[in-house]
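# Give me a 3D structure for the following:
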Amino acid sequence: MTARSPALTLHKRLARVWATPPGWRSLSAVNHNVVGKRFIVTALFFFCVGGILAMLIRAQLATSGAAFLTDATYAQVFTMHGSVMMFLFAIPLIEGFAIYLLPKMIGSRDLAYPRLGAFGYWCYVLGGAILLGALAFGLAPDAGWFMYTPLSSKAYTPGVNADVWLLGVSFVEISAIAAAVEIVVTLLTMRAPGMSLARMPLFGWYMLVTAWMMLIGFPPLIVGSLILEVERALDWPFFDVARGGDPLLWQHLFWLFGHPEVYIIFLPAAGVVSTLIPTFARRPLVGRLWIIAALIAMGFVSFGLWVHHMFAVGIPQLAQVFFSAASMLVAIPTAVQFFSWIGTLWSGTPRLRLPMLYLFGFLVVFVCGGLTGVMLALVPFNWQVHDTHFVVAHLHYVLVGGLLFPMLAGLYYWLPHMAGRNVLPHLGTWAFWLIFAGFNTTFFVMHLTGLLGMPRRVAGYAAGWGWDWPNLVSSVGSFVMAIGLALLLLDLLLAAYIGRRTPRDLWGAATLEWATPTPAPAYTFASQPWIASREPLWDDADLPVKIARGEGLLGDPTVGEQQSLGTDPLTGEPTHVLRLPAPSFLPLVAGLATMAVFVGLLAGWYGTLPFTLAAVVVVFWIWAWQLGRRDEPQPIAAGPFSDPRSLMLPGAEVAHHAPGVVGLAWTLVADGTFFASLLFGYAYLGTIAPGWPPPQWVQAGVLLPALAVLALAAPVAALRRAHRANLRDDSAGRDRWMLAAAGLGLVAAALVFASVWPGMPPPRSHAYAAIVAVCLGYALVHACIGTVMAAFCWARGRAGYLSPRRTVELRVARLWWRFTAATGILTLAAIHLPAWMAT
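Below is the predicted model of the structure:
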């Protein structure tokens with residue numbers, strides 16, 4: 001046997017098993033290589049759309065009295081510019097990098113839920129299509145990308161423009177939540193053997209904290225979008241002061257998302273910086289543990305800053321002091337990272353390659369944005385420049401400096417990995433200097449425009465205010481920047497097709513993604529390596545060859561299915577083997593079914609809602625049915641090519657950290673944040689909004705709420721008994737208790753409804769009744785989903801998918817019902833206790 005035989009044998013076998021169908025059937029792709037690249041390319045397309053909209057804005061503002069755009073068209077253009085850049089470019093670009101890179105960086109063959117990643121992509125594309133379609137037909141949102149009430153309420157925005165934003169953005173955010181769950185579970189349970197948390201690459205740490213923040217940060221905006229859409233569609237007065245609502249509730253919910261969003265965007269970009277600087281400085285990053293502590297602190301503190309966007313609305317002085325101090329406090333973990341990067345460059349031997357140019361641009365621009373951020377944290381100064389172009393300039397210095405420059409550096413850095421080719425000489429350098437000069441010309445001068453008093457979001461201005469020449473300079477700079485970005489995209493496009501072929505590790509990097517061939521094959525690693533250090537490629541230059549020869553784990557050349565290792569969340573010790581799904585059209589079908597729900601709501605076809613929701617349930621039932629096994633799983637050979645059976649591991653179906661259970665646990669983190677946001681809205685209206693206490697409380701007595709509480713606990717008890725019967729291999733008893741759990745779930749939903757709805761005032765009458773109705777709906781939806789889960793478990797048991805060792809479905813259903821019972825009881829307490837105390 002020659003030295004190349006194991007590598008060739010493994011490659012041919014794995015390439016056949018992991019292949020994505022060609023042509024139109026590639027729409028069924030679920031592999032992270034394909035999905036990640038699709039996210040990146042689609043995000044760059046939306047970036048071009050957002051850039052064109054920005055050019056229209058700058059053309060309008062270049063001179064006073066311009067009539068290039070009407071006021072109505074301008075409102076749509078600037079709203080869509082912000083919405084596209086925030087929701088269709090920034091977050092999806094981060095998702096794309098994470099989906100493509102993370103499995104390779106941690107030594108995994110794929111993500112934990114490949115089909116979920118593909119579903120997220122289709123939600124993103126279809127949601128983006130709704131927004132761009134509305135723009136094409138002149139129905140785009142026009143109340144600002146922040147959708148402040150009451151401007152976005154039905155009385156002042158009567159068309160479907162605001163509904164397009166509320167429903168389209170909510171649809172897109174399904175993609176973000178799906179990506180966050182997938183990233184967390186993959187990073188915690190699928191790292192290469194031996195890769196403990198202490199050895200995980202820094203980009204993995206950045207994405208782990210970012211994903212946690214997405215799970216907590218996005219639900220408040222979804223809650224706000226939901227209740228604003230309900231107000232617009234059903235006239236339930238959450239934000240109507242005359243009926244007990246408060247427009248500021250929207251601002252609180254929006255900025256509970258909006259300010260963490262800044263760090264959700266910044267942290268992955270900073271992760272790119274922390275990955276590239278050691279490579280080009282030729283030494284490990286200085287202060288690694290300090291970096292990890294700083295980014296965790298930044299993620300935590302970022303949720304305590306949202307009110308600094310609201311200093312001008314009249315909040316109490318004590319709150320202003322607190323949020324002002326918190327806004328300045330966040331500069332400390334940011335400074336820790338900057339000093340670490342500078343220290344690494346200072347103590348290393350830096351090489352000035354093209355990606356480093358963009359990193360230097362980031363360092364300069366983001367520091368300027370940080371300084372103006374500290375200025376805006378000071379309440380007196382904030383009052384003076386609130387809603388002026390100074391804030392617009394600050395926002396772009398932070399977001400463009402904090403995201404665009406590092407991600408462009410990342411594109412140039414990882415392009416040889418994605419395409420196997422490098423860029424042409426000089427074009428990327430010219431593009432950088434045009435972008436850097438154009439950006440600073442545009443937005444540095446805009447600080448002055450703001451200090452001169454020019455308000456943001458206006459379609460024009462009169463001569464004589466001193467705003468003409470700064471606006472003209474900013475507009476010229478923006479077109480220079482646009483030329484630079486066009487050159488950059490041309491450079492990337494040419495490189496992908498006619499660029500020079502590159503060696504495997506072009507930059508001499510230390511991280512594991514450069515151990516794969518370039519471009520990376522669908523299976524990523526021929527075998528999964530044991531990791532013994534933080535810089536595996538620097539410590540073992542032969543590691544790529546060893547991986548290709550099958551000297552790592554899962555090197556069995558006879559395997560006929562897609563497999564990847566599951567490992568312990570802390571130590572990285574291998575614990576089980578995941579069987580990953582083949583290409584499937586289910587994610588696309590699920591995305592289309594979900595789109596049908598949102599389109600029906602947007603068009604006001606509420607009669608179609610039962611049918612579209614039923615279609616979603618059917619698709620996901622089929623999706624879940626394809627998981628698991630009917631036969632008792634046997635240990636899987638997970639050893640190297642030379643002796644695959646030297647390590648035998650169980651399948652994920654019987655693992656303690658089964659993907660289904662872990663994924664649901666992290667999904668419930670987002671769900672719990674959604675619930676907490678609902679309760680926050682309820683408490684805020686009850687304590688701050690005028691018109692409270694309401695003229696009428698819920699009247700339900702004590703008996704029905706008490707029965708509803710017992711009914712919510714009953715499915716939990718029934719599923720516990722079903723689980724015990726399953727462990728005893730008592731299939732008949734298990735099936736009876738699961739069927740009972742499904743029936744008890746329906747009873748619980750009925751009793752919860754009966755304990756609230758008949759005794760409450762009409763939801764249109766007062767914000768109290770409206771928020772109570774939404775809380776009730778939350779409890780009912782969860783009870784109905786739990787009922788479907790219990791019925792699914794019953795059907796799976798009858799079909800032979802459950803056994804004393806195969807318990808994943810039961811564990812998932814039990815976890816869901818525990819959460820449902822807890823939130824349902826809290827909901828009943830929040831509804832009935834104030835009513836009892838008041839009466």
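# what about the residue nearest to residue 348 when sequence neighbours are not counted, how many residues close to it?
Distance criterion CB to CB, 6 or more residues apart in numbering; nearest residue to residue 348, sequence neighbours excluded, is residue 281 at 3.0 Å. Using the backbone N, CA and C atoms, a C-beta is placed for each residue, glycine as well. By other CB atoms under 10 Å, 21 other residues sit near residue 281.
# Residue 776 contacts residue 827, doesn't it?
Yes: with contact defined as CB atoms under 8 Å, residue 776 counts as touching residue 827 (7.1 Å).
# what residues do these two have in common as contacts?
residue 752 (CB atoms under 8 Å, 6 or more residues apart in numbering).
# out of those two, which sits in the busier spot?
Each of residue 776 and residue 827 has its neighbours counted (other CB under 10 Å); residue 827 has more, 26 against 22.
# mind checking how far whichever strand or helix holds that one is from the chain centre?
Assigned by DSSP states H and E, residue 827 falls within helix 808-838. The chain centre lies 26 Å from the centre of helix 808-838; the measure is CA atoms, centre = their mean, to the nearest Å.
# which stretches of the stretch 551-700 of the chain form strands?
563-567, 574-579, 636-637, 648-649 (DSSP state E, counting those that start in this stretch).
# Just send the ones you listed back as TSV, with mean pLDDT and distance to residue 783 too.
Compiled in TSV, the strands of the stretch 551-700 of the chain are given as follows (pLDDT from 0 to 100; distance: least, CB to CB, whole Å):
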stretch	mean pLDDT	distance to residue 783
strand 563-567	96	32
strand 574-579	95	31
strand 636-637	93	38
strand 648-649	94	38
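# mind giving me JSON lines with the ones you listed and columns for mean neighbour count?
What follows is the strands of the stretch 551-700 of the chain, written out as JSON lines (neighbours: other CB atoms under 10 Å):
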{"stretch": "strand 563-567", "mean neighbour count": "26"}
{"stretch": "strand 574-579", "mean neighbour count": "22"}
{"stretch": "strand 636-637", "mean neighbour count": "22"}
{"stretch": "strand 648-649", "mean neighbour count": "16"}
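# other SSEs contacting the helix holding residue 827?
Identification of packing neighbours for helix 808-838 by 3 or more CB pairs under 8 Å, 6 or more residues apart in numbering; DSSP states H and E yields helix 659-687, helix 703-727, helix 731-754, helix 767-798.
# Tell me which of these sits most buried.
Ranked by mean neighbour count under mean count of other CB atoms under 10 Å, the helices and strands packed on helix 808-838 are led by helix 767-798, which reaches a mean of 23.
# For that one, give the mean pLDDT please.
Helix 767-798 shows a mean pLDDT of 97.
# do you know how far the spatially most central residue of the chain is from residue 600?
For the chain, the residue sitting closest to the mean C-alpha position, by CA atoms, centre = their mean, is residue 176 at 2.8 Å. Residue 176 is 22 Å from residue 600, where distance means CB to CB, to the nearest Å.
# same deal with residue 36?
Taken as CB to CB, the span from residue 36 to residue 600 is 31 Å.
# Looking at the two, which one has more neighbours?
More crowded of residue 36 and residue 600, by other CB under 10 Å: residue 36, with 24 against 18.
# And for stretch 147-160, what's in contact with it?
Identification of contacts with stretch 147-160 by CB under 8 Å, 6+ apart yields 134, 139, 141-144, 162, 165-166, 228, 231-232, 235, 239-240, 247, 250-251, 254, 602.
# do the same with stretch 231-238
Contacts for stretch 231-238 (CB under 8 Å, 6+ apart): 153-154, 162-163, 166, 227-228, 230, 239-240, 243-245, 249, 601, 604, 681, 685, 763-764, 766-767, 769-771, 773-774.
# Could you tell me the per-residue confidence at the residue nearest to the centre of the chain?
Confidence score, pLDDT, at residue 176: 96.
# One more: the one 10 residues further on?
The score at residue 186 is 97. That number is its pLDDT.
# burial count for it?
Neighbours of residue 186 (other CB under 10 Å): 29.
# ok, residue 417 to residue 505 distance?
9 Å.
# ok, the two, which is more surrounded?
Per other CB under 10 Å, whichever of residue 417 and residue 505 has more neighbours is residue 417, with 23 against 20.
# if I've got this straight, that one is in a helix?
Yes: per DSSP: H, G, I helix; E, B strand; the rest coil, residue 417 lies within a helix segment.
# residue ranges with poor pLDDT in the protein?
1-4 (pLDDT under 70).
# hmm, back to that, what distance separates the helix or strand hosting the residue nearest to the centre of the chain from the centre of its chain?
Element membership of residue 176, judged by DSSP H and E, is helix 161-189. Helix 161-189 has its C-alpha centroid displaced from the chain centroid by 5 Å (CA atoms, centre = their mean).
# Run through the neighbouring helices and strands of that helix.
helix 71-83, helix 91-105, helix 114-136, helix 202-234, helix 586-603, helix 659-687.
# So what angle separates the directions of that helix and helix 202-234?
150 degrees (axes from the mean of the first three to the mean of the last three CA atoms, to 10 degrees).
# what sits against the residue nearest to residue 348?
344, 345, 347, 348, 349, 350.
# Save the residues you listed as a markdown table, and put in distance to residue 564 too.
Below are the contacts of residue 281 laid out as a markdown table (distance: CB to CB, whole Å):
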| residue | distance to residue 564 |
| --- | --- |
| 344 | 32 |
| 345 | 36 |
| 347 | 37 |
| 348 | 34 |
| 349 | 37 |
| 350 | 36 |
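# ok so residue 374 is a helix residue?
Yes: with three-state DSSP as the criterion, residue 374 is part of a helix.
# one step back: so which of the contacts of residue 281 are in helices?
344, 345, 347 (DSSP state H).
# Would you mind checking these for buried ones?
344, 345 (16 or more other CB atoms under 10 Å).
# which one of the ones in helices among the contacts of residue 281 sits closest to residue 746?
residue 344 (60.0 Å; CB to CB).
# who's in contact with the closest one?
Residue 344 touches 277, 278, 281, 283, 284, 285, 286, counting by CB under 8 Å, 6+ apart.
# ok, the fourth one - how many residues close by?
To tie it back to what came earlier, the one meant is residue 283. 18.
# Likewise for the last one?
By the other CB under 10 Å criterion, the neighbourhood of residue 286 contains 20 residues.
# secondary structure class for it?
coil.
# And it, its phi and psi?
Backbone torsions of residue 286, given as degrees, to the nearest 10, read phi -70, psi 130.
# From residue 633, how far out is the closest residue to it other than its chain neighbours?
Distance criterion CB to CB, 6+ apart; nearest residue to residue 286, sequence neighbours excluded, is residue 343 at 4.0 Å. Look at residue 343 and residue 633: by CB to CB, they are 50 Å apart.
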